[in-house]
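1. sequence and computational prediction follow.
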Amino acid sequence: MFGLNLLDEQEKKVALQRNNAQDSWKLELKEAIKTYSDLEKVLGQKLPKTTYPIFIPKNFAKKILRAGDKSPLWKQFVPHSEENKKAGMKDPIGDKNHSKPGKIIHRYKNRLLFFPTPVCPITCRYCFRKNELANPSELFDGQLKEAINYLNNHPEVNEVILSGGDPLILSDEKLELLFKEFSKIPSIKYLRIHTRTPIILPSRVTKELCELLTKYKKKFFSLIIAVHANHTDELDDEVRASLIKIKQTGIKLLSQSVLLKDINDDLTSLKNLFTNLSDLGITPYYLHHPDRVKGGMHFYLSLTEGRYLYHLLRNELPGWMIPKYVIDIPGGEGKTSAFNPESFDFDGSLINKDGQSISIDPLQ
Ligand code: SF4
């Protein structure tokens, strides 16, 4: 079962040439759609205005147009009037409660997040950081020297997770600087990159980037890329080619997906997504229950619904194809298992990382 191939033959050729041209991705980013009027022109219809920014590379906007306004692509990336509703939290996972010097987030003992950029290759309308990234503060402008000092003073941390924003939006030179500095810290064994870029801007996966990954995979016990993908419609030929190129560097490839109402909250969509990712050599890692983010509550579904779907998935796929179903406890308590095999019928309690029972409000 393969994703929609949204490109015709001519566009495939152009896409291939684009992928071969070093740094064409920078031009694509520079020329990305940033205004309602430009997006309306490409999509051929009036769009509801919201207070959140727009950023969509033109090539991706064409894929959205081909997929149509009922498609998972359109609904994930095109503004919706529901974004103007007040319900939800500005910082649903409590990033600020765990912010440390160097603009890092240290929530768990042995790993931390470092945000080298507030920039993403696209604005996902469901993003759990959409309020923070709409007005990026210094939190998303990581300061390398301070972060290195912090890591040297915290040898219990053995993994740095580059997040944001999207780290693969940085130039090869900036990425190399980060890789080099983190590889010099003796306690850092693992470096993980959270990214949506290979899906949205496959031209970013250049020969030079792959060489960089190949070079630095030897400097860590594991150099890992966790790709964010939510639906098989995102995995067209161009995207598959970019993922295969990363896979060929020999680094570990994981996936992260968000369970989203009306996008992938059905058994077929989830089954196809995890099967396709596995077939590409990507290990399904996390399925996130959606966060109650202000401006993104129309993507929210109850834990009961999520648990039931996950339960069905376990009958359909082997264990190694099924990601962990997790939820971030609101307020910064961290991730916990969202699946309760005993009961699907309440939104109630979760167990936090200290083993305490936490109640979250049922869905209103
Ligand atoms: S790529 Fe990730 S951080 Fe950026 S807008 Fe999308 S979900 Fe948010």
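-> Now that the structure is in, tell me what you want to look at.
2. give me the distance between the residue nearest in space to the middle of the chain and the ligand.
-> Nearest to the mean C-alpha position of the chain, by Cα atoms, centre = their mean, lies His228 at 3.7 Å. According to Cβ to the nearest ligand atom, to the nearest Å, His228 and the ligand sit 6 Å apart. Every C-beta, even on glycine, is put in place using the N, C-alpha and C of the backbone.
3. from Ile358, how far off is that residue?
-> According to Cβ to Cβ, to the nearest Å, His228 and Ile358 sit 26 Å apart.
4. relative to Leu162, how far out is the residue of the stretch 151-300 of the chain at minimum distance from the ligand?
-> Here the stretch 151-300 of the chain gets closest to the ligand at one residue, Arg196, 3.8 Å apart by Cβ to the nearest ligand atom. With distances taken as Cβ to Cβ, Arg196 is found 13 Å from Leu162.
5. higher neighbour count, the two?
-> Shown here are Arg196 and Leu162; by other Cβ atoms under 10 Å, Leu162 has more neighbours (25 against 21).
6. secondary structure element for that one?
-> Using DSSP states H and E, Leu162 falls within strand 159-164.
7. same question for Leu270.
-> Leu270 belongs to helix 267-279 when elements are defined using DSSP H and E.
8. show me which residues of the stretch 1-150 of the chain sit near the ligand.
-> Contact residues (Cβ under 6 Å from any ligand atom) of the stretch 1-150 of the chain with the ligand: Cys120, Thr123, Cys124, Cys127, Arg129.
9. which residues touch the last one?
-> If I follow you right, that is Arg129. Contacts for Arg129 were tallied using Cβ atoms under 8 Å, 6 or more residues apart in numbering; they are Asp95, Val293.
10. tell me, what's the model's pLDDT at it?
-> On pLDDT, Arg129 comes in at 86.
11. what's the first helix or strand after the strand holding Leu162?
-> The first helix or strand that comes after strand 159-164 along the chain, using DSSP H and E, is helix 172-183.
12. quick check: angle from that following helix to strand 159-164?
-> Angle of helix 172-183 versus strand 159-164, following axes from the mean of the first three to the mean of the last three Cα atoms, to 10 degrees, is 150 degrees.
13. tell me where the stretch 151-300 of the chain has strands.
-> For the stretch 151-300 of the chain, the strands defined by DSSP state E, counting those that start in this stretch cover 159-164, 190-195, 222-228, 252-258, 283-288.
14. tell me the pLDDT of Ser349.
-> Model confidence at Ser349, expressed as pLDDT, equals 66.
15. of all the strands of the stretch 151-300 of the chain, which lies closest to Glu83?
-> With distances scored as Cβ to Cβ, the stretch of these nearest to Glu83 is strand 252-258 (16.1 Å).
16. for that closest one, give me every contacting residue.
-> With Cβ under 8 Å, 6+ apart as the test, strand 252-258 has contacts from 126, 194, 222-230, 243, 246-247, 264, 273-274, 277, 280-288, 290, 299, 323.
17. strands paired with that strand, and their directions?
-> Sheet pairing of strand 252-258 (DSSP bridges) gives strand 222-228 (parallel), strand 283-288 (parallel).
18. take those strands and write them to CSV, including mean pLDDT.
-> Shown next, in CSV, are these (pLDDT from 0 to 100):
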stretch, mean pLDDT
strand 222-228, 98
strand 283-288, 97
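19. for Gly334, list each beta-bridge partner.
-> Ile329.
20. Pro318 - how many residues pack around it?
-> Pro318 has 9 neighbours, counted by other Cβ under 10 Å.
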